[in-house]
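Q: coordinates only, sequence not included:
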């Protein structure tokens, strides 16, 4: 026979066990709603990234080197510390550097921002062309660079500034849009 004291102890222990089971169960159901990771796909990122762009025939046309490349949720890739070079086989002697760039999946244009510098790799320093601006849109497949912002252009010892520019990189032609000022030395 169980003594009244042991019966009371058994009832208290059973109630404590049921109470702790209930609390543990209700606490666990709250944890199942909160996942330990974010289920949303965040894309990828690359350090010391090298992206290759091909032309219509599938041959290498240009390459993008960047300190970091990160895929965003809105189908674009953000680059930092960027350099874009045309392949030697394309015969386009231009290199473009910038602090940041954006490449959208639905557009062939690359948007470059921050200390953008495009240079032609001319045979001599007097024929080298350098374009500087804070914003530039580059269509590497059509060899076109364009901006509506202030641009500085240096060709050898000659220099020009303007607001807006359209450059055709495959035939080394630059069209300035407005507010053109320059220094032409003999």
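A: Alright, I've got the coordinates. Worth saying up front: this structure is predicted, and the values here are computed from it rather than measured. Numbering: from 1, shown residues only.

Q: Tell me who's in contact with residue 82.
A: Counting by Cβ atoms under 8 Å, 6 or more residues apart in numbering, residue 82 makes contact with 64-66, 96-101, 112. C-beta coordinates here come from the backbone N, C-alpha and C atoms, glycine included.

Q: 7 Å instead, please
A: 64, 66, 97-98, 100-101, 112 (Cβ atoms under 7 Å, 6 or more residues apart in numbering).

Q: Which pair in those residues has the greatest spatial separation?
A: Using Cβ to Cβ, those span at most 12.2 Å, a distance reached by 64 and 100.

Q: so how far is stretch 175-186 from its chain's centroid?
A: 32 Å (Cα atoms, centre = their mean, to the nearest Å).

Q: List the buried residues of it.
A: For stretch 175-186, burial by neighbour count (16 or more other Cβ atoms under 10 Å) applies to residue 176.

Q: and what of stretch 80-98?
A: 82-87, 90, 92-94, 96-98.

Q: returning to what we had before: find residues that contact each of residue 64 and residue 100.
A: Counting by Cβ under 7 Å, 6+ apart, the shared contacts of residue 64 and residue 100 are 79, 82.

Q: Give me the more crowded residue out of the two.
A: A count of neighbours by other Cβ atoms under 10 Å puts residue 64 above the other of residue 64 and residue 100, at 21 against 17.

Q: number of nearby residues for the residue nearest to that one when sequence neighbours are not counted?
A: Nearest non-adjacent residue to residue 64, counting by Cβ to Cβ, 6 or more residues apart in numbering: residue 51, 4.2 Å away. For residue 51, the count of nearby residues is 16 (other Cβ under 10 Å).
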